[in-house]
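Novice: Build me a model from this:
(one chain, ligands or ions: 1)
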Amino acid sequence: MATTSLDLTTVRNIGIMAHIDAGKTTTTERILYYTGVSYKIGEVHDGAATMDWMAQEQERGITITSAATTCHWPLEGVDHTINIIDTPGHVDFTIEVERSLRVLDGAVTVFDGVAGVEPQSETVWRQADRYGVPRICFVNKLDRTGADFFRCVDMIEERLGAVPLVMQLPIGAEAGFQGVIDLVRNKALVWSEETKLGEMYDTVDIPADLVEQAEEYRAKLIEAVAENDEEVMELYLEGTEPTEEQLYAAIRRITLASTGGETTTVTPVFCGTAFKNKGVQPLLDAVVRYLPTPLDVEGVEGHSPKDPEEVVVRKPSEDEPLAALAFKIASDPHLGKLTFIRVYSGVLTAGTQVLNSVKGRKERIGKIYRMHANKREEIERVGAGDIVAVMGLKQTTTGETLSDATHQVILESMDFPAPVIEVA
Ligand code: GDP
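Specialist: Below is the predicted model of the structure:
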């Protein structure tokens, strides 16, 4: 059983948000597929195991069935843990949506490349704004007739009032959509019609007929980054071209600072077709590159159980007292009742007692599971910044806090958020 702590710089807790039909399910399935394949390859160095998993998953189809699914994605030789939190994002503010948004640190917003920004996309965008969620965009369905990446980018600007950073350009359109130009790397990423699910793309030179357009958009990208980042602005004023690493770092800073609400949301925009498996792998790279780690979130605020006015802040560290939020209760066909929790600070260990600080009652932590798309993994302890499912909680309902008995905190006040009462 895994007992070591995660390096939080390699953790991403994300949601995938979209209006109905934009392709959230398809994109999520592809993400789980690619991460499953790559993780297996990395783990067992054995083609047979990978094939087993592919055959098995192709048969069953991979669907996100869990309130939080853990997957792994390597970038530049480093394995990253991505917890995907299921967000029923297209629904307006319900207590459940709000809670799922609360426990994630960043999001991918998926748009339909044909329909562009729809009223429902505005709903999910405002939700992310309200919770200060940094986000990247994925313009999906570029293989479809009538798809228009640039129109969608304009709509992100006009309808959502955001500053889109065009990170990629499409190569080919509709049925002829072949891949994307990566404007940071100045390279074309292409998938041939024969590219099978699970295979990586080819990185090639930018096609001659698109070189001019790529130069124009790369210049625009660098200018937009410079406008929002002092370091790149200095280089820009000196007439020095920023390096790939400098651009990655600057775009990360800009994305993390863009949390909506009072600030204008500056958001990197990617594109592809999840259905045809083109564009999802670079999107995963972008999740790791630009979305926050739990350490980027400085601390979570709660209040003392004794005094609702007394603000208590818990930092994302295992050295702090335990504070964890139960955000979803699910019934697993094999395990029974599972409580999904996000640990904000401290450590939670299987078999120990903690306090439900809302009810003022002790709870015994049963088995702890990390839920993957194709398996569940029992772990002995879970630390700050992570998201897992716990068995055996008898009293705890969603929205309640588990905390250290001697250092109590309540993360969600009783009137937060106001429950939606439907009147018949
Ligand atoms: P959700 O409602 O946002 O979860 O959307 P789904 O993932 O269920 O997709 C809605 C429909 O669009 C389904 O019929 C998908 O097969 C289809 N779809 C999703 N992504 C793409 C894409 O990239 N290209 C095409 N042509 N169809 C897609």
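Novice: So which bits of the stretch 151-300 of the chain are right by the ligand?
Specialist: 273, 274, 275 (Cβ under 6 Å from any ligand atom). (Glycine included, C-beta is placed from N, CA and C.)
Novice: Report the beta-bridge partners for residue 14.
Specialist: residue 84, residue 106 (DSSP bridges).
Novice: quick one: it from the ligand, how far?
Specialist: According to Cβ to the nearest ligand atom, to the nearest Å, residue 14 and the ligand sit 16 Å apart.
Novice: just residue 105 next, same as before
Specialist: With Cβ to the nearest ligand atom as the criterion, residue 105 and the ligand are 22 Å apart.
Novice: residues contacting that residue?
Specialist: 12, 13, 14, 133, 134, 291, 292, 293, 294, 296, 297 (Cβ atoms under 8 Å, 6 or more residues apart in numbering).
Novice: go on, residue 345?
Specialist: 300, 314, 315, 316, 317, 318, 320, 321, 322, 323, 384.
Novice: Could you tell me how far residue 147 is located from residue 17?
Specialist: Going from residue 147 to residue 17 by Cβ to Cβ, to the nearest Å gives 20 Å.
Novice: What of residue 242?
Specialist: Distance from residue 242 to residue 17, by Cβ to Cβ: 30 Å.
Novice: Pick out whichever of these two has more residues nearby.
Specialist: residue 17 (28 against 20; other Cβ atoms under 10 Å).
Novice: Wasn't the more buried one part of a helix?
Specialist: No: counting by DSSP: H, G, I helix; E, B strand; the rest coil, residue 17 is located in no helix; its state is strand.
Novice: let's have the chain start at 37 instead
Specialist: Okay, residue one is now 37; in that scheme the one you just asked about reads as residue 53.
Novice: Quick check: the gap between it and residue 316.
Specialist: Following Cβ to Cβ, the distance that separates residue 53 from residue 316 is 16 Å.
Novice: what bits of the stretch 87-236 of the chain have low per-residue confidence?
Specialist: For the stretch 87-236 of the chain, the stretches flagged by pLDDT under 70 are 87-101, 125-129, 229-235.
Novice: which phi and psi does the residue of it found nearest the ligand have?
Specialist: For the stretch 87-236 of the chain and the ligand, the shortest gap (Cβ to the nearest ligand atom) falls at residue 177, measuring 4.0 Å. Taking degrees, to the nearest 10, you get phi 60, psi 30 for the backbone angles of residue 177.
Novice: Skipping adjacent residues, who's closest to it in space?
Specialist: residue 149 (4.4 Å; Cβ to Cβ, 6 or more residues apart in numbering).
Novice: ok, residue 159 - how many residues close by?
Specialist: Residue 159 - counted by other Cβ under 10 Å - has 18 other residues nearby.
Novice: Touching, it and residue 55? I think so.
Specialist: Yes: counting by Cβ atoms under 8 Å, residue 159 does reach residue 55; the two are 7.4 Å apart.
Novice: Around the ligand, which positions in the stretch 37-186 of the chain sit nearby?
Specialist: Residues of the stretch 37-186 of the chain lying near the ligand (Cβ under 6 Å from any ligand atom): 54, 56, 57, 58, 59, 60, 61, 62, 176, 177, 179, 180.
Novice: For the last one, list the residues it contacts.
Specialist: For residue 180, the contact set (Cβ under 8 Å, 6+ apart) comprises 149, 150, 210, 309.
Novice: same check, this time on the fifth one
Specialist: Contacts of residue 59 were listed using Cβ under 8 Å, 6+ apart, and they are 146, 148, 176, 177, 310, 311.
Novice: Among the residues you listed, which ones are in strands?
Specialist: 146, 148, 176 (DSSP state E).
Novice: Is residue 156 located within a helix, as I assumed?
Specialist: Yes: the assignment for residue 156 is a helix, going by three-state DSSP.
Novice: who touches residue 289 in this structure?
Specialist: Per Cβ under 8 Å, 6+ apart, neighbours of residue 289: residue 265.
Novice: quick one: it from the ligand, how far?
Specialist: For residue 289 relative to the ligand (Cβ to the nearest ligand atom), the value is 30 Å.
Novice: Mind pulling up the pLDDT for that residue?
Specialist: Looking at residue 289, its pLDDT reads 97.
Novice: Check residue 313 too.
Specialist: At residue 313, pLDDT is 86.
Novice: ok, it - how many residues close by?
Specialist: Quick note: residue 313 (other Cβ under 10 Å) scores 20 neighbours.
Novice: ditto for residue 62
Specialist: For residue 62, using other Cβ under 10 Å, the count is 19.
Novice: now do the one 4 residues further on
Specialist: When neighbours are defined as other Cβ under 10 Å, residue 66 has 25 of them.
Novice: wait, what's in contact with it?
Specialist: 310, 313, 316.
Novice: related to what we said a few turns ago, which of the contacts of residue 381 has the largest number of neighbours?
Specialist: Result: residue 359 is most packed of the contacts of residue 381 (other Cβ under 10 Å), 30 neighbours.
Novice: Give me the mean pLDDT for stretch 302-309.
Specialist: 97.
Novice: Doesn't residue 192 belong to a helix?
Specialist: Yes: counting by three-state DSSP, residue 192 falls inside a helix.
Novice: which one is it nearest to, not counting chain neighbours?
Specialist: residue 200 (4.6 Å).
Novice: what's the host helix or strand of the one you found packed up against?
Specialist: Following DSSP states H and E, one finds residue 200 within strand 199-202. Applying 3 or more Cβ pairs under 8 Å, 6 or more residues apart in numbering; DSSP states H and E, one finds that strand 199-202 contacts helix 185-194, helix 247-264, strand 302-307.
Novice: Touching it from outside, list them.
Specialist: 173, 189, 192-193, 219, 253, 256-257, 260-261, 264, 287, 290, 300-305.
Novice: likewise stretch 360-373?
Specialist: Under Cβ under 8 Å, 6+ apart, the answer for stretch 360-373 is 102-104, 132, 135-136, 138-139, 374-380, 382, 384, 390, 403, 405, 412, 425, 427, 429, 432-439, 447-448.
Novice: and that stretch, how far out from the chain's middle?
Specialist: Remark: stretch 360-373 is offset 21 Å from the chain centroid, using Cα atoms, centre = their mean, to the nearest Å.
Novice: Alpha carbons of that stretch, in CSV - could you do that?
Specialist: Taking Å, rounded to 0.1, in the frame of the first residue of the first chain, the C-alpha atoms of stretch 360-373 are listed here in CSV:
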residue,chain,number,x,y,z
ALA,A,360,-10.9,18.0,5.0
LEU,A,361,-14.2,18.7,3.2
ALA,A,362,-16.7,15.9,2.3
PHE,A,363,-18.0,17.0,-1.1
LYS,A,364,-19.9,14.0,-2.4
ILE,A,365,-21.4,10.8,-1.1
ALA,A,366,-21.7,8.0,-3.5
SER,A,367,-22.8,4.5,-3.5
ASP,A,368,-20.3,2.1,-5.1
PRO,A,369,-21.6,-1.2,-6.3
HIS,A,370,-18.7,-3.1,-4.7
LEU,A,371,-17.7,-0.9,-1.7
GLY,A,372,-21.0,0.5,-0.6
LYS,A,373,-21.1,4.0,0.8
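Novice: Many thanks, have a good one.
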